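Asker: I would like the atomic coordinates for the input below:
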Amino acid sequence: MIGVLFLLLLLPLLLYIAAPQIRKMLYSGVCTSTVQLPGKVAVITGANTGIGKETAKELAKRGARVYLACRDVQKGELVAKEIQIMTGNKQVLVRKLDLADTKSIRAFAKEFLAEEKHLHILINNAGVMMCPYSKTADGFEMHIGVNHLGHFLLTHLLLDKLKESAPSRVVNLSSLAHHMGRIHFHNLHGEKFYSSGLAYCHSKLANILFTQELARRLKGSGVTTYSVHPGTVHTELIRHSTLIRWMWRLFSFFIKTPQQGAQTTLHCAISEGLEGLSGRHFSDCSLARISAQGQNETIARRLWDVSCDLVGIPMH
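Answerer: Prediction:
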C-alpha cells in the first residue's frame with residue numbers, strides 16, 4: 001500500500017520532469033516554408049477560432065487574400081480585424097458558412113464564385129467533436145454531416161475554381177482518431193446505434209477516405225489534396241466533453257497550442273515539393289500512417305457515391 005501511494009505521489013513529479021522531452025516530441029513538426037502568397041486566394045472554414053484562426057493569420061502574414069468562412073459572423077469580424085491589425089493585410093474577409101446546412105454552403109459558394117476569379121487554397125478545418133446526438137438541417141448525423149458531408153459539398157462546389165486556379169490545394173483536417181473509425185453505411189446517421197466518441201472517429205475516417213478518392217479523381221488536374229492530423233490541440237472542439245476538458249487541464253503541459261497545431265496544415269497548404277504526395281496523410285509536417293480502413297479504395301469509392309447522393313451532386 002505504501003509503495004502504491006509512493007508511486008502516485010512520484011508520478012506527477014516524473015511527468016513534470018519528462019514534460020520538456022515529451023513536448024519536444026509532440027511539437028517536432030514546424031512548417032519551415034518561406035513561400036510568400038501575394039495574389040493567392042485562400043478559404044478556411046472555422047477560421048474564427050483555434051487552428052483555423054492561426055492558419056488564417058499565417059496565410060495573411062504571407063500576403064494571401066484570406067476568407068474566414070464561419071458560422072458566427074460577428075466573432076469572425078472581430079478575428080478578421082485582429083488579423084488585419086497584426087499582419088497589416090487588409091484582405092482578410094469574413095463570409096457566413098454553416099456546414100450543418102447545405103443551403104448555407106451553397107449560398108456561400110455562390111457568393112464566393114461571383115466575387116472571386118481564383119481559389120488557390122481550400123482548407124476544410126471546421127469540425128464538431130463528441131456532441132450529443134443531433135442532426136443537421138438536412139437530417140444528417142451532426143459529426144458526419146459537418147465534418148465530412150459539409151466539406152464534401154463545399155469542395156465540390158468550389159472544384160472548378162480550384163482547377164482554373166491550378167496549381168491549387170485542398171487540405172482536410174482529420175485526426176489520429178480515424179484509426180478507431182468505421183464507415184457503417186447501414187447506420188451512417190447513427191439512428192440504429194450511436195456513440196458520440198465513435199461518431200467523431202467515423203467522421204475523421206471519412207475525411208481520410210475523401211482525401212484519397214479526391215486525389216485519384218483529380219490526378220493530372222493540378223489540384224492536389226492532403227489530410228492532416230494536427231495533434232492534440234487545445235481548442236474549442238472539446239466543449240461538448242466534460243471528461244476531456246478535465247483531462248486536458250490536468251495534462252495541459254502536453255497539449256499543443258493552436259499555433260503549434262496549425263503547423264501541419266500550413267505545411268500541406270504552402271510547402272513546395274508536395275505535389276507528388278497528393279492524397280497522403282500528414283502529421284507533424286511529415287507523412288503519417290493511416291489505418292487499413294483508411295486505405296480501402298472500395299469503401300472510399302462507395303462513400304463518394306453515397307455522399308454525392310446525400311448532398312445532391314451528380315456522381316460523375
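Asker: From here on, just use CA atoms for contacts and neighbour counts.
Answerer: Fine.
Asker: count of residues packed around the nearest residue to S168 once chain neighbours are set aside?
Answerer: By the measure of Cα to Cα, 6 or more residues apart in numbering, the closest residue to S168 outside its immediate chain neighbours is H120, 4.4 Å from it. A total of 24 residues lie near H120 under the criterion other Cα atoms under 10 Å.
Asker: Would you confirm that H120 contacts I44?
Answerer: No. H120 is beyond contact range of I44, at 11.4 Å (criterion: Cα atoms under 8 Å).
Asker: From D160, how far out is the residue nearest to S168?
Answerer: 11 Å (Cα to Cα, to the nearest Å).
Asker: Equivalent analysis for L274, please.
Answerer: 21 Å.
Asker: next one: A80
Answerer: 27 Å.
Asker: Repeat that for S307.
Answerer: For S307 relative to D160 (Cα to Cα), the value is 19 Å.
Asker: Show the contacting residues for the nearest residue to E164 once chain neighbours are set aside.
Answerer: In space, and not counting its chain neighbours, E164 is closest to H118: 7.2 Å by Cα to Cα, 6+ apart. H118 sits next to 40-41, 161-162, 164-165 when contact means Cα atoms under 8 Å, 6 or more residues apart in numbering.
Asker: Make sure I have this right: H118 is in a strand.
Answerer: No. H118: not assigned to a strand; according to DSSP: H, G, I helix; E, B strand; the rest coil it is coil.
Asker: where exactly do the strands run in this structure?
Answerer: For the chain, the strands defined by DSSP state E cover 41-45, 65-70, 92-96, 121-124, 168-173, 223-229, 281-283, 286-287.
Asker: Including mean pLDDT and mean neighbour count, could these go into JSON lines?
Answerer: JSON lines is the format used below for the strands of the chain (pLDDT from 0 to 100; neighbours: other Cα atoms under 10 Å):
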{"stretch": "strand 41-45", "mean pLDDT": "98", "mean neighbour count": "24"}
{"stretch": "strand 65-70", "mean pLDDT": "98", "mean neighbour count": "25"}
{"stretch": "strand 92-96", "mean pLDDT": "98", "mean neighbour count": "21"}
{"stretch": "strand 121-124", "mean pLDDT": "98", "mean neighbour count": "27"}
{"stretch": "strand 168-173", "mean pLDDT": "98", "mean neighbour count": "26"}
{"stretch": "strand 223-229", "mean pLDDT": "98", "mean neighbour count": "28"}
{"stretch": "strand 281-283", "mean pLDDT": "97", "mean neighbour count": "25"}
{"stretch": "strand 286-287", "mean pLDDT": "98", "mean neighbour count": "14"}
